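Asks: Just the structure for this:
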Amino acid sequence: MRTNPYVEAVYRVVTLPGGSFGVEVKIPDSNPTIVSSFETEAAAEAWIARNKQRVSERAEPRNPFRRSQPRA
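Replies: The predicted model follows:
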């Protein structure tokens, strides 16, 4: 099973030209990228928190043999 590369990502809020904010995302063995633009630093921090939550939810192991519910 492959691991989601974002599990090991490092996030950093950066100030962009014009006064807005972005999030620098560094993934091992990849070039960093900037997610933009956020009006406030708090909005950028909130995006980081939501993204980390989504990644952790998707990283939880699933049972590939679980039976689906029968359709009506």
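
Asks: So which residues of this protein form helices?
Replies: For the chain, the helices defined by DSSP state H cover 41-59.

Asks: show me the contacts for the nearest residue to I48 once chain neighbours are set aside.
Replies: Nearest non-adjacent residue to I48, counting by Cβ to Cβ, 6 or more residues apart in numbering: Y11, 4.5 Å away. Backbone N, C-alpha and C define where each C-beta goes, glycine included. Residues in contact with Y11 (Cβ atoms under 8 Å, 6 or more residues apart in numbering) are V23, E24, V25, K26, I48, N51, K52.

Asks: quick one: Y11 from V55, how far?
Replies: Distance of Y11 to V55, given as Cβ to Cβ, to the nearest Å: 11 Å.

Asks: Let's see the least confident helix or strand in the chain by mean pLDDT as CSV, backbone CA atoms only.
Replies: Using mean pLDDT, DSSP states H and E, helix 41-59 stands out as the lowest-scoring helix or strand of the chain, at a mean of 91. This file holds the C-alpha atoms of helix 41-59, laid out as CSV (Å, rounded to 0.1, in the frame of the first residue of the first chain):
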residue,chain,number,x,y,z
GLU,A,41,-2.4,34.7,8.2
ALA,A,42,-5.2,33.1,10.2
ALA,A,43,-6.9,31.9,7.0
ALA,A,44,-3.7,30.3,5.8
GLU,A,45,-3.2,28.6,9.2
ALA,A,46,-6.8,27.3,9.0
TRP,A,47,-6.2,25.9,5.6
ILE,A,48,-3.1,24.1,6.9
ALA,A,49,-5.2,22.6,9.8
ARG,A,50,-8.0,21.4,7.4
ASN,A,51,-5.5,20.0,5.0
LYS,A,52,-3.6,18.0,7.7
GLN,A,53,-7.0,16.7,8.9
ARG,A,54,-8.0,15.5,5.5
VAL,A,55,-4.6,13.9,5.0
SER,A,56,-4.8,12.1,8.3
GLU,A,57,-8.3,10.8,7.6
ARG,A,58,-7.2,9.4,4.2
ALA,A,59,-4.1,7.9,5.7
